[in-house]
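# next comes the sequence, and after it the predicted model I'd like to discuss.
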Amino acid sequence: MNRNTKKTLHLNLRRKWFDMILSGEKKEEYREFVPYWMTRFANIRNASEPTTTITFSHGYSKNRDQFVVRLKTIWIRKGRPEWGADVGKDYFVLEIGERVEKTD
């Protein structure tokens, strides 16, 4: 994996969501509106070096599948149930851009 990319947000996903984002079908990822993510995203927003990419991983092993996408923006709004959001619930919505790289 190219380590010269700008600052990246690392997120682990279940296989279903990993595959849907990798294929381009799922265009956004959701994180609960809880203190942990509030702090993480506030730190991203206030950082001197912008976070421009998301590294998605499936699992935690050393040789796990990963790929990198552009992070377009982060919204606070309701998500799409077909992409894993609960109906009527607010989330941090990470808008996903084009894929930058994939590792095997």
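Here it is on my side, so go on. Note that the coordinates shown come from a computational prediction; the quantities given were computed from them, not determined experimentally.
# what's the single longest helix in the chain?
In the chain, with assignment by DSSP state H, the single longest helix is helix 35-46.
# how about that one: buried residues?
Going by neighbour count (16 or more other C-beta atoms under 10 Å), the buried part of helix 35-46 is F41. Heads up, the C-betas are built off the backbone N, CA and C, glycines and all.
# quick one: that helix to chain centroid distance?
Its chain's C-alpha centre and that of helix 35-46 lie 14 Å apart, by C-alpha atoms, centre = their mean, to the nearest Å.
# and that helix, what does it pack onto?
Packing partners of helix 35-46 (3 or more C-beta pairs under 8 Å, 6 or more residues apart in numbering; DSSP states H and E): strand 65-78.
# just the angle for the strand it packs on relative to helix 35-46, thanks.
On the basis of axes from the mean of the first three to the mean of the last three C-alpha atoms, to 10 degrees, strand 65-78 is oriented at 100 degrees to helix 35-46.
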